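Peer 1: Got a predicted structure plus its sequence, pasted below:
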Amino acid sequence: MVLLDSAANGNGNGNGNDNGDGHGEVDGHRDPIGTASETVRFAWRPAGPGPQTAVRVVVVDGSETVWDSGRIATDRPWLRSPRGLRFAPWHRLAWEARIESGTTVDTARGTFTPAPDAADDWSGAEWVTASPAVPAGDPASPRERSVDGSLAAPLLSRVVPAGAPVVRALLAVAAGGHVDVRVDDALATDEVLSPTTTHWDRRVQVVLHDLTAALADGTAHDLELELGRGFFGMTNANVWAWERAPWHAEPRVRAVLRLERADGGVQVIRTGGDWGARRGTILLDDLYGGEVHDLRRRRGRPLAEPAVPATVVTGPAGRLQARLEQPIRVVEELAPTAVVEAAPGEWVVTFPRVVAGWVRLRLPAGSPGATVRVRYGERLRADGLPNADDEKHYFEDGFQTDEVTLDEDAVVWEPRFSYKGFRHMQLSGWPGAPSAADVTACVVRTDAARTGTFTVDDDLLQWIHDATMHTVENNLHGYPTDTPKYEKNGWTGDAAVGADMFLTNVDTAGVLTKWVEDLAETVVPGHPPALIAPNAGVFGVDTRAPVWHAALVTVPWDLYRHTGDPTVLERHVDTIEGYARFELSRSPGGIADTILGDWVAPGTDPGGGNPPEDSRVPATAFLVRILDTVARIDEVLGRDASWAVSAAAEVRAAFAREFVVDGVVRGPRDAGFRQSHQVLALAFDVVEEPSLRASIAAGLAADVRARGDHLDTGAIGTKWLLPVLTDAGYGDLALAVARQTTAPSWGAWRGAGATSTFEHWDLAARSHGHFFLGTVDDWLTGYVAGIRLVEPGWRRFTVAPAVCGPVGSASCSVATPYGRAGVRWHLLRGAGDLRGAGDLRGAGDLGGAVELEVTVPPGTTADVRLPSGRTETLGAGTHTLR
């Protein structure tokens, strides 16, 4: 359908999309099903080559225009529908943007289907589950109860009646827990662990599934919804108290199926007491502990339960919200690299790298009643078996273990409602000997695309980037987590240091937007945010940890910086500002304190801990950062920022009085020189006087050299260490730290065979799946390749490679709202003698020693600084400079 007069358009696909087909995005997705129904974001790529000057967006429902923005003068490559306009849920709406760039006019178009995200959309649909089979107060553990099926996953079912062929079938699901959708006993969607975790007493996620292919023929079909516990109905007691959450109950679901038939009829089926309910093969599911399955309980088998009427129950109290982030899926499958019998009947299967997910087994026939057990670990113990141990005693009932009891048939089996962190798995009870073909690792995570690229001609630096990206992706499960093996929690400090890296490399704006919502919901006026989000309301609440709490301020700001969209700031500014005022109020004399500082610095316990530092130093530095960021947010939104500017100045002065002595940042409680204290003072501009900054940087460099070119920073200082050194003129030293191969270093991990980044510099680190020590990736993309964001949305960026030492070439590209920005540089033939010369920026005119290729998207500007010191300002296009 042509929505706008496109006679002036060229070929209709010159808008600079990476796919080059003129397709736009709605809320970050192409032709999405299940968007929000209000304040919808339409995005495109500018037509170019000049900056965009105006746009007009039209949305139609069939032949009816439901919104016409009119011509709007703007250079933003996106537009939101106005507040108060609600698009009709269930309807496939078409949209088109007419984009003006000087004399060039182009179009972007697409479709979207809003989710039923208002209470009235669900009229007549009831919350249902299977009746609980466990008496209140039963003292038996979940694993003990699993054998009788009393905790088995509920299966809710309904026959979809025969009728005219189905031209569109949409199923809306809201759940306490997770839901697998089946039609005729076969999975009908590729989503897993869906919907994702929220604070169910505050917000219930709505997911819309397209079942058209499964129901198209118009014959009768069995529709089944199998429910998993997730963090909603957890039974395994744990230190984060998920089993005590205010919403805790048996899993439940509310669903509406809408069928559009070929004869023009519309049929709606809603959950209620007329649905059937039974409990199937999943006897127990636990996000931390694993799952217990009995295949003899499959439909048609002797142990299968008959269906009874579903139980109508009260649903979670939270408001409905359409899903903001991409779904979780099996995104990759890996074959084993080894299958070894480590002990009689104990088989160890190894995969190419550490992953998050589960294994798929090809179970043999002929062994009914045999039970196969799978234990998962990231590393091998001294006895050659995977480390599936709960060393910290976090859980009362099981950890990283699946069990499946076979029936007589050969079956392909995999878990459904729990994921694990692992590289190795242990098979016990397998009939005979398993082969590599019997086992597949399923990589399970939020299906967020890798949008950035980075290459370098140094193997170790490339390994650091690749291992970090694998670790980042392993920790995406509806929100950023801190380890897929142990915690699966959204720790604030981790997200705060990782957000830049996430947004530069992976399509995570939706994930982080959802997580900011999670975090903001933990805030009670006059109190700080929780340490983890989502949160059961028990662990990490009402603490004093501004180094971690700062995420409430900095992650929304990072989202704005990378996307140019202030919506998240607008939504949460009152909560953000309220927290900043609260933190300031409990910092007497401008000096803050924290229970969490530069976590896991070298020398701390491999399982985690603070270094011997004066915790007031990082806390006060972060208070400055919080106040500075709030001031910037207020300025963007047109609010009064003067209070934050004034408060930041007072805290800076207090920091200088208390912690800056003879050109060194130190606290009275420090046990020796702390690299991170120097780093934070410089990175956050806590110390602004140039000569004092130079003195602090010199002291930092001297300490790094005194340690044999080793870092001494933890989760907080590591992110900014190498950028601070490079900016201060110590690029050669920064590179030496990055390329170090003895502990503490990234190279030491690599030398030990790591495929991911660890939780601690010590090789005995608890977790091999933490990204926070991999935030050096910011330096790799921003300094080694040399591309750094300057203005929000990448409207202006800097290209300034720090050409150092043995690195002879590097490249990086970033998917910006305007199109792909990138840099590729290499030393030219004959410039080899420059290698090893240290930081070459400002070292004299190198003439044509370095060649750069810079890609600048339409509507943006790049400020390029060559190693010779020459500068250029570039507009849209691909440019080569020497």
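Peer 2: Received, thanks.
Peer 1: Apart from its neighbours in sequence, what residue is nearest residue 451?
Peer 2: Spatial nearest neighbour of residue 451, excluding adjacent residues (CB to CB, 6 or more residues apart in numbering): residue 815 at 3.9 Å. Glycine gets a C-beta too; all of them are placed from N, C-alpha and C.
Peer 1: Show me the domain layout of this structure.
Peer 2: Domain assignment for the chain by automatic domain parsing gives 25-114, 119-325, 333-446, 453-785, 796-881.
Peer 1: Mind exporting the C-alpha coordinates of the top helix by length along the chain to PDB?
Peer 2: Using DSSP state H to define each element, the chain has its longest helix at helix 616-636. Backbone C-alpha positions of helix 616-636 (Å, rounded to 0.1, in the frame of the first residue of the first chain) are rendered in PDB as follows:
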ATOM      1  CA  ARG A 616      34.600   6.700  51.200                       C
ATOM      2  CA  VAL A 617      36.900   7.600  48.300                       C
ATOM      3  CA  PRO A 618      35.100   5.700  45.500                       C
ATOM      4  CA  ALA A 619      31.700   6.500  47.100                       C
ATOM      5  CA  THR A 620      32.500  10.200  47.100                       C
ATOM      6  CA  ALA A 621      33.800  10.100  43.500                       C
ATOM      7  CA  PHE A 622      30.600   8.400  42.400                       C
ATOM      8  CA  LEU A 623      28.600  11.000  44.300                       C
ATOM      9  CA  VAL A 624      30.200  13.600  42.100                       C
ATOM     10  CA  ARG A 625      29.400  11.500  39.000                       C
ATOM     11  CA  ILE A 626      25.800  11.100  40.100                       C
ATOM     12  CA  LEU A 627      25.400  14.800  40.600                       C
ATOM     13  CA  ASP A 628      27.100  15.800  37.400                       C
ATOM     14  CA  THR A 629      24.900  13.300  35.500                       C
ATOM     15  CA  VAL A 630      21.700  14.600  37.100                       C
ATOM     16  CA  ALA A 631      22.700  18.100  36.100                       C
ATOM     17  CA  ARG A 632      23.100  17.000  32.500                       C
ATOM     18  CA  ILE A 633      19.800  15.200  32.600                       C
ATOM     19  CA  ASP A 634      18.000  18.300  34.000                       C
ATOM     20  CA  GLU A 635      19.600  20.400  31.300                       C
ATOM     21  CA  VAL A 636      18.500  18.100  28.500                       C
END
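Peer 1: centre of the chain versus that helix, how much separation?
Peer 2: Averaging C-alpha positions (CA atoms, centre = their mean, to the nearest Å) puts helix 616-636 24 Å from its chain's average.
Peer 1: which parts of stretch 771-784 are buried?
Peer 2: Residues 771-784 are the ones in stretch 771-784 that count as buried (16 or more other CB atoms under 10 Å).
Peer 1: Turn the domains of the chain into JSON lines, including mean pLDDT.
Peer 2: Listed next are these as JSON lines, based on pLDDT from 0 to 100:
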{"stretch": "domain 25-114", "mean pLDDT": "95"}
{"stretch": "domain 119-325", "mean pLDDT": "93"}
{"stretch": "domain 333-446", "mean pLDDT": "97"}
{"stretch": "domain 453-785", "mean pLDDT": "98"}
{"stretch": "domain 796-881", "mean pLDDT": "82"}
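Peer 1: Need the winner for burial among these.
Peer 2: Stretch with highest mean neighbour count among the domains of the chain: domain 453-785 (a mean of 21; mean count of other CB atoms under 10 Å).
Peer 1: Report how far apart the opening and closing residues of that one are.
Peer 2: This stretch, domain 453-785, spans 10 Å end to end (CA to CA, to the nearest Å).
Peer 1: Tell me what angle the following helix or strand past the longest helix of the chain forms with helix 616-636.
Peer 2: Next helix or strand after helix 616-636 toward the C-terminus (DSSP states H and E): helix 642-659. Orientation of helix 642-659 against helix 616-636 (axes from the mean of the first three to the mean of the last three CA atoms, to 10 degrees) gives an angle of 160 degrees.
Peer 1: Mind naming the longest strand for this protein?
Peer 2: strand 346-363 (DSSP state E).
Peer 1: right, and the helix or strand after that strand?
Peer 2: Next along from strand 346-363, by DSSP H and E: strand 371-377.
Peer 1: list the helices and strands that following strand packs on?
Peer 2: Judged by 3 or more CB pairs under 8 Å, 6 or more residues apart in numbering; DSSP states H and E, strand 371-377 is in contact with strand 346-363, strand 401-405, strand 420-428.
Peer 1: Format those as JSON lines; extra columns: distance to residue 181.
Peer 2: JSON lines is the format used below for the helices and strands packed on strand 371-377 (distance: least, CB to CB, whole Å):
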{"stretch": "strand 346-363", "distance to residue 181": "19"}
{"stretch": "strand 401-405", "distance to residue 181": "22"}
{"stretch": "strand 420-428", "distance to residue 181": "23"}
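Peer 1: rewinding a little: for the longest helix of the chain, enumerate the helices and strands it packs against.
Peer 2: helix 546-549, helix 551-563, helix 567-585, helix 642-659, helix 675-683.
Peer 1: Then the residue nearest to residue 451 would be within a strand, right?
Peer 2: Yes: according to DSSP: H, G, I helix; E, B strand; the rest coil, residue 815 belongs to a strand.
Peer 1: I'd assumed residue 507 was in contact with it.
Peer 2: Yes: the criterion here is CB atoms under 8 Å, and residue 815 meets it with residue 507 at 7.4 Å.
Peer 1: Identify the contacts common to those two.
Peer 2: Shared contacts of residue 815 and residue 507, defined by CB atoms under 8 Å, 6 or more residues apart in numbering, are found at residue 451.
Peer 1: right, and the helices and strands packed on helix 616-636 - which one's nearest residue 63?
Peer 2: Smallest distance to residue 63 across those (CB to CB): 30.9 Å, for helix 567-585.
Peer 1: contact partners of the closest one?
Peer 2: By CB under 8 Å, 6+ apart, helix 567-585 touches 39, 41, 80, 513, 516, 520, 523, 525-529, 546, 549, 552-553, 556-557, 559-560, 592, 623, 626-627, 630, 633-634, 636-637, 639, 644, 647, 651.
Peer 1: next one: phi and psi at residue 719?
Peer 2: Note on residue 719: backbone dihedrals following degrees, to the nearest 10 are phi -60, psi -40.
Peer 1: which non-adjacent residue is nearest it?
Peer 2: Excluding the flanking residues, the one nearest residue 719 by CB to CB, 6+ apart is residue 775, at 3.8 Å.
Peer 1: doesn't residue 718 make contact with that neighbour?
Peer 2: Yes: if you go by CB under 8 Å, residue 775 and residue 718 touch, sitting 6.0 Å apart.
Peer 1: what's the overlap in contacts for the two?
Peer 2: residue 497.
Peer 1: The longest strand of the chain pairs with which strands, and in what direction?
Peer 2: Strand 346-363 sits in its sheet next to strand 338-343 (antiparallel), strand 411-413 (antiparallel), strand 420-428 (antiparallel), strand 439-446 (antiparallel), going by DSSP bridges.
Peer 1: nearest to residue 459, of the ones you listed?
Peer 2: strand 420-428 (20.9 Å).
Peer 1: okay, that closest one in CSV with CA atoms only?
Peer 2: The C-alpha coordinates for strand 420-428 follow below in CSV (Å, rounded to 0.1, in the frame of the first residue of the first chain):
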residue,chain,number,x,y,z
LYS,A,420,22.8,-23.0,33.2
GLY,A,421,26.3,-21.6,32.8
PHE,A,422,28.6,-24.3,31.5
ARG,A,423,31.3,-25.5,29.2
HIS,A,424,31.4,-29.0,30.5
MET,A,425,28.6,-31.4,31.4
GLN,A,426,28.5,-34.8,33.2
LEU,A,427,26.2,-37.5,32.0
SER,A,428,25.3,-40.2,34.5
